[in-house]
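>>> Whatever this is, show me its structure:
(chains A, B and C)
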Amino acid sequence: MSYLPYVVAAWICLVGIAGIATSRNLIHLAVCLTVTQSSSYVLLLSVGYVKHGKAPIFIGTKVGSTAADPVVQALTLTDVVVSVAVIALILALALDAHRLSGSVDPDGIADVSG
Amino acid sequence: MSRRMRMLVLGPALLGLGALFAWAIAGLPAFGDYRGPYGFVLNRVVVPLRHTTNVVMGTTFDVRGLDTMGEEFILYAAIVGVTLLLRDETRSRQAERRTSRLDEDAVRLVGVAMIGGGLLVGLWLMAFGYITPGGGFQGGVLAAGAVLLLYLVGSHRDYRPFRNEHFLDPLEAVGAGGYIIVGLAALASGTAFLTNLFGLGTTGTLVSSGSIALLNWASALAVSCAMLLLFAEFLETYVVPLEPEDAAS
Amino acid sequence: MTWIPPLLVAIPLLSAAVTAGLDHVTPRPIQDALVIAASTATTALAFVLLWHAESHEVVEWFGGWRPHHGVALGIDFAVGPLAAGMCAVIGLVVTLALLYSLTFLREAARLFDALMLLALGAMCGFAMSGDLFNLFIWLELMGVAAFALTGFQVERLGPVQGAVNFAITNSLGGYLFAIGIALIYARTGALNLAQIGNALSHGPAGGLVIVAMTLIFCGFLIKGAVVPFHLWAADAYAVAPTPVCAVLGGVMTDIGLIGVARLYWSVFAVPFGHGHGVGDVLLWLGIATAVLAGTMAFLQRHLKRMLAYSVVCHIGIMLAGIGLLDSSGLAGAELIFLAHALLTAGLFFIAGILHVDHALIDELHLRGRGRGSWALAAAWFAGTIGLVGTPYVGIYLGHGLIDEGARPWVLALLWLGSALAGAALLRAGARIFLGWGDVEDELLGRAIEEDPVERDVLRPLLVGVALVSVVLGVAISIVPGLGQRAEYAAERFRDTSGYAATVLHGRAVTPPARLPVSIRHTSLESILSATGTTIVALGLALVGLYRSRLPRGVSRAARRTLASPIRVLHALHSGVVGDYVTWVAVGTAVTGGIWALLLHG
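Numbering: from 1, shown residues only, chains lettered A, B, ... in the order given. Got it, this is the predicted structure:
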């Protein structure tokens, strides 16, 4: 039980990569990319959990009482914004691909190669 | 590679990665057994030093403020990038219309209540971000989402003011650029970039935490404008033929 | 002088916000001037910082959060001469690219400029940062800006494909890096590089650290287009606008390598530095990259794809130099970077000018069309010779320094790769500017559709920028004193304990003994091997040009042995992102497995 969150994070990452590599739709692929990134959130937040610790918000609680790690929460917040930025770009590219070729299949838009 | 070949190569690779992850997990401290110094020190130090009770926000906007500045600009880059990538779409845009209108009054009522509630909660999260759980980002996203509900619940005309790029672009630049200017102000006054210069006020009230409050509002502005701009860009590509009843309105 | 590092990031970022925000308000000439001014100011400040960093390690703690008892609370920029030098070259290349693009890209110019400035700020931040998560932030920022810039020409499918492949592979690399950060944080409770290094010196480095290192390095190697993570590079460079190619190929891809170097010498050298395991894998990856990319360059007819593979080839050489783990290897990599950044940018600029002049970018289609453009021809050949590393031209000094540290067969493979890439460029130059060579060559595959042409360009400006780039790049090997300073910068960079002491405890760096201002001596073996490389490159170029005139027996034997491997190579570079991600997974798993075997216990 004490390693379950880490295993969940690893599973999410592997499933996400499998999804990206086998995806047939750019929008699905963007979501798979987000899923892969969410594995890093799960991992970060699990690492910072303190048993019997409260949230690191000290209104009404005394400073110095057991609280969870605030750093990983700040990092996760930043990470989420990064994923928003990337998914926005990939969705815009998916729209462009659909406009130009009528399909959003990543296997199908291979115009240049070699 | 054909898809079949790809699966054959991918399978063992993922197994290998899984084995590496398992090996790494074996070396991790157990869940709940956080040992490192960083979090413990900050939990003790940020409240007295910066008069902000929300240590997460204190970390985000002060101790690790440079990360947040970079992240603001990542969002900014995404907006500029999406505008760049979708510029052809808007060129071919015809008049935008919605095909269907929400008929059920009950649903519209709930929607309007959600918009109001969402905006209020969003503003509250933004305003009290450095005191109670919340912050500029969370509040900004929620407020922008509530505004987007307007598009779903009302008509496209109701939503049009929130798609005005000439208004949103400069606002977002102010939010993102404002962050840097606060940092430069610290540099100009002889301390390090992004040092918390302003009066720290009383812990637990709205007037506290110095520049964290300013940066909190700057990022709230930047994030809400960024989300609205994103929605505007994507909605512009939504071209639907004219319906007779829409032509009249 | 600690106020300079934040400005190297703040000025470009703020200017980008102002540029894009005031898009509809200010007139165009003022906006152009603002953008060029911001980029030039950043470059100038970087040079000032470089001059100062020689005798000091410039450490700026953001927000005033200085470390206590070896625990770092805030984020720092720790700048030595190597990092400052990188910022200076990055600024220089971006400024040249912005000048080039002044008239080159009329539409959406403000958005383009804003993204270029954001990329500039992010690259400087990455080069200077001393905090693990901060590195991730700058990596993502430069990535997001680059993805959008690559897809600039939205009228065609190729740019969309290139941008998609670029975005997905590099974002995945970033996320692997993030997972590695979480693992390191769990183990050490710190994000500051110096502090992590200290924390890892207690206790054995188990699987956790090895896997974290694999994930972090693979994230950087994806950005740096190292085999097998390099597949996105040619797709992206083939379709991006020319100034973007110059920045991507000249500096942004190389930034991944400085991440590897920084992470190794501040963090992973502590647990793993007594052996060569980490360096050997990097060395092998570098050799594989150099040879593979050189070969692929030779098989291209699209000038920008050819240049893309040339970039990847030199990345391989630089990575091999880093993998040698000694000062001369790292200094050699630095010097190659300096020359290669400017020369590659220059060659991309020339390719862009050819495209503007003739609406063609294909080597075979352009055959003979360049006759009469003497300035372009001279610049192209000078740039190519500089990239091959003929004695005392371009990358030669770096070549000489790497020669000092490596075994002969390693060097043979590296310079073979360089010769192949150089041969491709020489062949292209001879075909285009001299009209030599066969008219058709099936070895090079089918043509790729041409991009639309820019009109209304100020051609003298384009030519001027290209010439400046090439001349500066060629001259790197003969700048007096540069070699010795590069070696000193490398020694400072490799000093793990010194870095930790300076960053965490503020210990001052002892200024160096007066460094000589003379052209560094290289060994006779280097001169001979560089000359040999040049001759091989010329020979291969001639073979490439006149393949049809080879004796029948030779060509039949060559076809029998080489046809299948070449077909396999082309098939692997399929343009499909699912394949690329598969190779990323394979590469990460294999690299991790090898390091597990080499470093465990």
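>>> which residue does chain B bring closest to chain C?
B:G36 (1.3 Å; C-beta to the nearest C-beta). Every C-beta, even on glycine, is put in place using the N, C-alpha and C of the backbone.
>>> right, and that residue touches C:G189 too?
Yes - counting by C-beta atoms under 8 Å, C:G189 is a contact partner of B:G36 at 1.3 Å.
>>> Next up, phi/psi of the residue in the stretch 51-200 of chain C positioned nearest to chain B, please.
When distances are taken as C-beta to the nearest C-beta, the stretch 51-200 of chain C reaches nearest to chain B at C:G189, 1.3 Å away. Backbone geometry at C:G189, expressed as degrees, to the nearest 10, gives phi 60, psi 20.
>>> circling back: and the residue of chain B closest to chain C, what's its pLDDT?
Listed pLDDT for B:G36 reads 78.
>>> what do you get for C:W583?
At C:W583, pLDDT is 93.
>>> Excluding residues flanking it in the chain, which one is nearest it?
C:P228 (4.6 Å; C-beta to C-beta, 6 or more residues apart in numbering or on different chains).
>>> That neighbour against C:A589, yeah?
No - the criterion here is C-beta under 8 Å, and C:P228 misses it with C:A589 at 11.0 Å.
>>> Okay, buried residues for stretch C:21-30 please.
C:G21, C:L22, C:D23 (16 or more other C-beta atoms under 10 Å in any protein chain shown).
>>> what about the residue of chain B closest to chain C, how many neighbours?
Residues near B:G36, counting by other C-beta atoms under 10 Å in any protein chain shown, number 22.
>>> Next: C:T588.
As a burial measure, C:T588 scores 28 neighbours (other C-beta under 10 Å).
>>> quick one: it is in a strand?
No - assessed with DSSP: H, G, I helix; E, B strand; the rest coil, C:T588 is helix; it does not lie in a strand.
>>> Nearest residue to it in space, please, no chain neighbours.
Here the residue nearest C:T588, using C-beta to C-beta, 6+ apart, is C:C218, at 4.5 Å.
>>> returning to that earlier point: so the residue nearest to C:W583: helix, strand or coil?
Under three-state DSSP, C:P228 falls in the coil class.
>>> How confident was the prediction at it?
C:P228 carries a pLDDT value of 91.
>>> next one: B:A248
Note on B:A248: pLDDT of 46.
>>> anything in the helix or strand where C:L14 lies near chain B?
Using DSSP states H and E, C:L14 falls within helix C:4-21. Yes - residues of helix C:4-21 are located near chain B by C-beta under 8 Å from any C-beta of the partner chain, namely C:P6, C:L7, C:A10, C:L13, C:L14, C:A16, C:A17, C:V18, C:A20, C:G21.
>>> For the residue of chain B closest to chain C, list the residues it contacts.
The contact partners of B:G36, by C-beta atoms under 8 Å, 6 or more residues apart in numbering or on different chains, come to A:D69, C:Y185, C:A186, C:T188, C:G189, C:A190.
>>> follow-up on the earlier one: packing partners for the very next helix or strand once past the helix holding C:L14?
Under the assignment DSSP H and E, the closest C-terminal helix or strand after helix C:4-21 is helix C:28-53. With contacts taken as 3 or more C-beta pairs under 8 Å, 6 or more residues apart in numbering or on different chains; DSSP states H and E, helix C:28-53 sits against helix C:4-21, helix C:81-104, helix C:109-128.
>>> how far off helix C:28-53 does the second one point, in degrees?
Between helix C:81-104 and helix C:28-53, the angle comes out at 170 degrees (axes from the mean of the first three to the mean of the last three C-alpha atoms, to 10 degrees).
>>> Report the inter-axis angle for the longest helix seen in chain B versus helix C:4-21.
Of all the segments assigned as helix in chain B under DSSP state H, the longest by residue count is helix B:211-236. In terms of direction (the same axes, to 10 degrees), helix B:211-236 departs from helix C:4-21 by 40 degrees.
>>> Do helix B:211-236 and chain A come into contact?
Yes - interface with chain A: helix B:211-236 contributes B:V223, B:L230, B:E233, B:F234 (C-beta under 8 Å from any C-beta).
>>> worst-scoring helix or strand of chain B, pLDDT-wise?
helix B:244-248 (a mean of 48; mean pLDDT, DSSP states H and E).
>>> Low-confidence ranges, the chain, go.
All of this refers to chain A. Residues of chain A that meet the criterion pLDDT under 70 lie in A:1, A:114.
>>> actually chain C
For chain C (pLDDT under 70), the answer is C:449-456, C:601.
>>> Identify the residue of it closest to chain A, quick one.
For chain C, C-beta to the nearest C-beta, closest residue to chain A: C:G575, 3.4 Å.
>>> So that residue is in contact with C:G158, correct?
No - counting by C-beta under 8 Å, C:G575 does not reach C:G158; the two are 9.4 Å apart.
>>> If you count contacts, what does the helix or strand hosting C:L387 end up packed against?
Assessed by DSSP H and E, C:L387 sits inside helix C:374-388. Identification of packing neighbours for helix C:374-388 by 3+ C-beta pairs under 8 Å, 6+ apart yields helix C:327-358, helix C:408-429, helix C:459-475, helix C:524-545.
>>> what about the helices in chain A?
A:4-22, A:26-47, A:70-101.
>>> what about the residue nearest to C:T588, which SS state?
helix.
>>> Over to C:R371?
The three-state assignment at C:R371 reads coil, by three-state DSSP.
>>> Now it. Nearest residue, chain neighbours left out?
C:R371 sits nearest to C:G435 (C-beta to C-beta, 6+ apart), 5.7 Å away.
>>> how close does that neighbour sit to C:G372?
From C:G435 over to C:G372 the distance is 10 Å, taken as C-beta to C-beta, to the nearest Å.
>>> Compare those two (neighbour count), which wins?
C:G435 (12 against 9).
>>> Is A:V7 in contact with B:I25, as I believe?
Yes - between A:V7 and B:I25 there is a contact under C-beta under 8 Å: 6.5 Å.
>>> who's more crowded, those two?
Higher neighbour count among A:V7 and B:I25: B:I25, with 20 against 13, using other C-beta under 10 Å.
>>> Contacts only, for that one.
With contact set as C-beta under 8 Å, 6+ apart, B:I25 has these partners: A:Y3, A:Y6, A:V7, A:A10.
>>> Could you do C:W595 as well?
When contacts are counted by C-beta under 8 Å, 6+ apart, C:W595 touches C:I210, C:M213, C:T214, C:G277, C:V278, C:V281.
>>> got CSV for the residues of helix C:4-21 next to chain B, with distance to B:A77 too?
Formatted as CSV, those follow (distance: C-beta to C-beta, whole Å):
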residue, distance to B:A77
C:P6, 19
C:L7, 20
C:A10, 16
C:L13, 10
C:L14, 14
C:A16, 8
C:A17, 10
C:V18, 15
C:A20, 10
C:G21, 13
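>>> near chain B, which residues of the stretch 201-350 of chain C show up?
Contact residues (C-beta under 8 Å from any C-beta) of the stretch 201-350 of chain C with chain B: C:G206, C:G207, C:L208, C:V209, C:I210, C:V211, C:A212, C:T214.
>>> just these now: which is nearest A:L44?
If you rank these by distance to A:L44 using C-beta to C-beta, C:A212 comes first, at 13.1 Å.
>>> Near the closest residue to C:G321 other than its chain neighbours, how many other residues are there?
Leaving out its chain neighbours, the residue that sits closest to C:G321 by C-beta to C-beta, 6+ apart is C:A333, at 3.5 Å. The tally of other residues near C:A333 (other C-beta under 10 Å) stands at 32.
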